[in-house]
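Enquirer: how would this look folded up:
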Amino acid sequence: MQTIANARDVTMAQVALAWVLSNPVVAAPIVGASAPHHLDDATAALTLTLSGQEHITLTVPYTPRQPTGF
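Expert: Predicted structure coming up:
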């Protein structure tokens, strides 16, 4: 994530949120903001489109998990 963020000159939070938003099953990510720059990152992620290779790079190490606690 850091490599992609550095190459794009954006924050890792923006890359992470852009990745979450690119998932077709996510209607709206839950974004908690405890500082003003968190909102800046969230809104900037809306216009950040990851390339196919960037998406693969971020997705390969991810292990999906079933929701718990219901």
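Enquirer: Which strands or helices does the lowest-mean-pLDDT helix or strand in the chain pack on?
Expert: For the chain, the helix or strand with the lowest mean confidence is helix 36-45, at a mean of 91 (criterion: mean pLDDT, DSSP states H and E). Here helix 36-45 is seen to pack against helix 12-21 when contacts are counted using 3 or more Cβ pairs under 8 Å, 6 or more residues apart in numbering; DSSP states H and E. Where you see a C-beta, it was placed from the backbone N, CA and C, and this is true even at glycine.
Enquirer: same for the helix it packs on, what does it pack against?
Expert: Using 3+ Cβ pairs under 8 Å, 6+ apart, helix 12-21 is in contact with helix 2-8, helix 36-45, helix 52-59.
Enquirer: Mind checking the pLDDT average for it?
Expert: The predicted model gives helix 12-21 an average pLDDT of 94.
Enquirer: Could you check the angle it makes with helix 52-59?
Expert: Going by axes from the mean of the first three to the mean of the last three Cα atoms, to 10 degrees, helix 12-21 is angled at 100 degrees with respect to helix 52-59.
Enquirer: And the contacts of helix 12-21?
Expert: 1-2, 4-5, 8, 26, 29, 31, 38, 41-42, 44-46, 48-50, 54-55, 58-59 (Cβ atoms under 8 Å, 6 or more residues apart in numbering).
Enquirer: Tell me the buried residues in it?
Expert: 13-19, 21 (16 or more other Cβ atoms under 10 Å).
Enquirer: Alpha carbons only: can I get that helix in CSV?
Expert: Extracted C-alpha coordinates of helix 12-21, given in CSV (Å, rounded to 0.1, in the frame of the first residue of the first chain):
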residue,chain,number,x,y,z
MET,A,12,-2.1,5.2,2.3
ALA,A,13,-5.6,5.9,3.7
GLN,A,14,-6.7,7.2,0.3
VAL,A,15,-5.4,4.0,-1.4
ALA,A,16,-7.1,1.8,1.2
LEU,A,17,-10.4,3.5,0.8
ALA,A,18,-10.1,3.5,-3.0
TRP,A,19,-9.5,-0.2,-2.8
VAL,A,20,-12.6,-0.8,-0.5
LEU,A,21,-14.7,1.4,-2.8
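Enquirer: rewinding a little: dump the buried residues of helix 12-21 to CSV, plus distance to residue 65.
Expert: As requested, these are arranged in CSV below (distance: Cβ to Cβ, whole Å):
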residue, distance to residue 65
13, 21
14, 24
15, 21
16, 17
17, 19
18, 21
19, 16
21, 19
